[in-house]
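Undergrad: here are the coordinates; sequence isn't available:
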């Protein structure tokens, strides 16, 4: 009996206790942002993100770090998986084949451009590759997944950290800057959602930016972004083979995509009762708010500056190129 209790403590309660302080802080920030949003009429996602910025110095605390990382990854994946409950086949039919065409056009252009621009800037080739995949696919998760299949010792930890910090900061900037930019350019809500999903690095940031515009834009942004995420697993397997490393299984596979697809299918078939579907979508929004708090806390200006200007310049150029490529692809395929 005692051995069973010790095993349960090691497997479940010990990790929970470790994650509790950081998770609790992220939840409090999410609740505070929601409270302010209700009373002042401002977008909750933006307020939570700004509150997260205010606690960025606390993210490095060893007591808070496990919980903050948990909220920015696992809670994110739960939130995105549950988003499938609010999207059905009607939205997919309304969007058509445009998201897939735009994503398949942008991805190879960004990755190949990363290698060329990285060489021009004098950066290591593998760092440029990680940066290109991070921008083209899904930000931090893609960077870590690709790093897992790179032969040990070939990519320094500090260079991976530079990509992680830079892509997180640029994703945050994109989330705040792109919605008003696309609005000024006269794009409709569906077009804005497609462009946000095709050009913002992180899933939570793309979904958050879309829902800042409208529910329609948020749904399409999420769907388009998940199309990019779906390319991660085959791309990691391909890179693992090219880099002569048989460890693709260590990469972070987007398991939440399966949950999203299952709920999407159930919702399309009408198998989800309205009350249950509403509960799932409410939980999804709560998860996104908690994730926004964690992402704000993880964006450290001092860590970003310490990496030097070249890695950030590469990521900035790739991010701008991704936006331009997505806009050009949308215009081309819409003819």
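TA: In hand now; what should we look at? Source: prediction; values computed, not measured.
Undergrad: where's the closest residue in space to residue 54 that isn't next to it in sequence relative to residue 36, distance?
TA: Leaving aside its sequence neighbours, residue 54 sits nearest to residue 296 (Cβ to Cβ, 6 or more residues apart in numbering; 7.9 Å). In this view, the C-beta of every residue, glycine as well, is placed from N, C-alpha and C. Going from residue 296 to residue 36 by Cβ to Cβ, to the nearest Å gives 14 Å.
Undergrad: coming back round to it: touching, the residue nearest to residue 54 and residue 47? I think so.
TA: No: Residue 296 is beyond contact range of residue 47, at 10.2 Å (criterion: Cβ atoms under 8 Å).
Undergrad: The two - which one has more neighbours?
TA: In this view residue 296 and residue 47 are compared by other Cβ atoms under 10 Å, and residue 296 has more residues nearby, 25 against 21.
Undergrad: dump the residue contacts of that one.
TA: Applying Cβ atoms under 8 Å, 6 or more residues apart in numbering, we find residue 296 in contact with 29, 48, 49, 50, 51, 52, 53, 54, 55, 56, 172.
Undergrad: And for the fifth one, the neighbour number?
TA: When neighbours are counted by other Cβ under 10 Å, residue 51 registers 20.
Undergrad: Check which helix or strand it maps to.
TA: Following DSSP states H and E, the helix or strand that holds residue 51 is helix 44-54.
Undergrad: Let me know the next secondary structure element after that helix.
TA: Using DSSP H and E, the helix or strand that follows helix 44-54 in sequence is helix 65-70.
Undergrad: Check what contacts that following helix and list those residues.
TA: 15, 18-26, 59, 294, 297-298.
Undergrad: quick one: average confidence on it?
TA: Mean pLDDT, helix 65-70: 89.
Undergrad: elements contacting the helix or strand just after it?
TA: The helix or strand immediately downstream of helix 65-70 is helix 76-83, counting by DSSP H and E. Counting contacts by 3 or more Cβ pairs under 8 Å, 6 or more residues apart in numbering; DSSP states H and E, helix 76-83 packs against helix 203-213, helix 215-229, helix 256-268, helix 274-298.
Undergrad: comparing those, which gets the lowest mean pLDDT score?
TA: Minimum mean pLDDT among the helices and strands packed on helix 76-83: helix 256-268, a mean of 79.
Undergrad: Give the residue spans of the chain that score low on pLDDT.
TA: Applying pLDDT under 70 to the chain flags residues 1-12, 42-43, 87-96, 148, 152-158, 161, 233, 244-257, 299-307, 335.
Undergrad: Geometrically speaking, which residue is the centre of it?
TA: In the chain, the centroid-proximal residue (Cα atoms, centre = their mean) is residue 202; its distance is 2.1 Å.
Undergrad: list the contacts for it?
TA: Counted by Cβ under 8 Å, 6+ apart, residue 202 has contacts 138, 139, 140, 141, 167, 168, 171, 295.
Undergrad: Can you give the distance of the helix or strand hosting residue 135 from its chain's centre?
TA: Residue 135 is part of helix 125-136, with elements assigned from DSSP H and E. Chain-centre distance of helix 125-136: 15 Å, with Cα atoms, centre = their mean, to the nearest Å.
Undergrad: What lies in contact with the helix or strand hosting residue 190?
TA: Per DSSP H and E, residue 190 falls inside helix 189-199. The contact list for helix 189-199, computed with Cβ under 8 Å, 6+ apart, reads 94-95, 98-99, 102-103, 106, 174, 178-179, 182-183, 187, 206, 209-210, 213-214, 216-228, 319, 322-323, 326-327, 329-330.
Undergrad: and residue 98, how many neighbours?
TA: By other Cβ under 10 Å, 18 other residues sit near residue 98.
Undergrad: Correct me if wrong: it contacts residue 326.
TA: No: at 10.6 Å, residue 98 and residue 326 do not qualify as touching, with contact defined as Cβ under 8 Å.
Undergrad: so residue 271, which of the three states?
TA: coil (DSSP: H, G, I helix; E, B strand; the rest coil).
Undergrad: cool, and residue 150?
TA: coil.
Undergrad: Pull out the buried positions in stretch 231-244.
TA: 231, 232, 233, 235, 236, 239, 240, 243 (16 or more other Cβ atoms under 10 Å).
Undergrad: Among those, which are located in helices?
TA: Cross-referencing these against helices under DSSP state H gives 232, 233, 235, 236, 239, 240.
Undergrad: you'd agree the fourth one is up against residue 149?
TA: Right, the one you point to is residue 236. Yes: contact criterion Cβ under 8 Å: residue 236 and residue 149 qualify, at 5.9 Å.
Undergrad: Let me see the contact set for residue 25.
TA: Applying Cβ under 8 Å, 6+ apart, the residues near residue 25 are 55, 58, 64, 67, 68, 293, 297.
Undergrad: Would you mind measuring from it to residue 289?
TA: From residue 25 to residue 289 the distance is 13 Å (Cβ to Cβ).
Undergrad: just residue 73 next, same as before
TA: Residue 73 is 15 Å from residue 289, by Cβ to Cβ.
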